[in-house]
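A.B. asks: Below is the structure, and that's it, no one-letter string:
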């Protein structure tokens, strides 16, 4: 996912120094969700 899309989708507007850790956490959560979904339907990651 593109950095700016994640920032735009947040309910709050983090300051510049807060963005990188927040974005990394959101990306990790999204990837985890996708991995679990794919594994649940019998696919491989």
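C.D. replies: Yes, it's here. Computed from a predicted structure; not experimentally measured.

A.B. asks: give me the element the most centrally placed residue in the chain is part of.
C.D. replies: The chain has residue 27 as the residue nearest its centroid, 2.4 Å off, counting by CA atoms, centre = their mean. In the assignment (DSSP states H and E), residue 27 maps to helix 16-40.

A.B. asks: tell me which residues in that helix are buried?
C.D. replies: Using 16 or more other CB atoms under 10 Å as the test for burial, helix 16-40 gives residue 23. In short, each C-beta sits where N, CA and C put it, glycine included.

A.B. asks: related to what we said a few turns ago, the residue nearest to the centre of the chain contacts residue 6, correct?
C.D. replies: Yes. The pair residue 27 / residue 6 is scored as a contact, 7.0 Å apart, by CB atoms under 8 Å.

A.B. asks: what's the neighbour count on residue 7?
C.D. replies: 14 (other CB atoms under 10 Å).

A.B. asks: contacting residues around whichever strand or helix holds it?
C.D. replies: Under the criterion of DSSP H and E, residue 7 resides in helix 3-9. Identification of contacts with helix 3-9 by CB atoms under 8 Å, 6 or more residues apart in numbering yields 13-14, 19, 23, 26-27.
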